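Student: Let me see the structure of the following:
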Amino acid sequence: MCRSFFEEIRLIIEGPELKDDLSKLDKYFDALLSETKAKGIYVFASHPPDDASFLVTRLWNKYLPNWREHQAQKEAMPIEVQKNFIEHFETRMNNAEAMHPSEAKDGDFQYVSMERTMTYVKGKWNRRSPEDK
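Tutor: Below you'll find the predicted structure:
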């Protein structure tokens with residue numbers, strides 16, 4: 001039973017085909033207005049274009065069939081709500097008490113946080129807007 005499940009979802013994509021499509025995506029996003037690109041790739045390229053000529057879009061359609069609905073919900077969230085959420089999150093993070101894992105007992109903590117840093121630029125793309133630096 002498990003084998004037939006994996007046979008249904010397995011898909012083999014040749015490297016050159018994927019590389020060609022990623023190049024096509026790069027050209028697509030590069031053609032956007034400078035003002036749009038300045039917002040960072042996490043804003044304008046968090047999902048593929050709604051165009052089935054892109055292999056990546058077809059893969060999202062197959063394996064993440066509700067991605068358009070999720071994107072619409074994300075875009076529908078008012079800016080003020082987003083700002084309030086970020087402010088609340090930052091306040092909780094700044095006021096959290098650090099604890100070494102060896103000191104923790106079951107139920108001693110409400111959440112776990114791991115932080116990572118990332119570079120502002122990846123290749124020719126800004127990951128975030130300059131205001132987010």
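
Student: Enumerate every residue touching residue 39.
Tutor: residue 129 (Cβ atoms under 8 Å, 6 or more residues apart in numbering). For glycine as for every other residue, the C-beta is placed from the backbone atoms N, C-alpha and C.

Student: how far away is it from residue 45?
Tutor: Distance of residue 39 to residue 45, given as Cβ to Cβ, to the nearest Å: 10 Å.

Student: now residue 125
Tutor: Applying Cβ to Cβ, the value for residue 125 to residue 45 is 8 Å.

Student: And residue 83, by the same measure?
Tutor: Relative to residue 45, residue 83 is positioned 22 Å away (Cβ to Cβ).

Student: More neighbours: which of these two?
Tutor: Of the pair residue 83 and residue 45, residue 45 is the one with more neighbours under other Cβ atoms under 10 Å, namely 19 against 10.

Student: what's near enough to touch that one?
Tutor: For residue 45, the contacting residues are residue 29, by Cβ under 8 Å, 6+ apart.

Student: And residue 52, by the same measure?
Tutor: So residue 52 contacts 58, 61 (Cβ under 8 Å, 6+ apart).

Student: my read is it is in a strand, agree?
Tutor: No. Assigned with DSSP: H, G, I helix; E, B strand; the rest coil, residue 52 falls outside any strand and is coil.

Student: Give me the pLDDT value at it.
Tutor: Among the per-residue scores, residue 52 shows a pLDDT of 95.

Student: what about it, distance to residue 27?
Tutor: Using Cβ to Cβ, which is the criterion applied here, residue 52 is 17 Å from residue 27.

Student: shouldn't residue 96 be in contact with residue 113?
Tutor: Yes. Using Cβ atoms under 8 Å, residue 96 is in contact with residue 113, at 6.8 Å.

Student: can you pull out the helices in the protein?
Tutor: For the chain, applying DSSP state H gives helices covering 2-9, 15-30, 34-37, 41-44, 55-63, 67-76, 79-95.

Student: now the residue sitting nearest the centre point of the chain, nearest residue through space, not along the chain?
Tutor: Centroid-nearest residue in the chain: residue 46, 5.2 Å away (criterion: Cα atoms, centre = their mean). Spatial nearest neighbour of residue 46, chain neighbours left out: residue 71 (7.6 Å); criterion: Cβ to Cβ, 6 or more residues apart in numbering.

Student: Cheers, nothing more for now.
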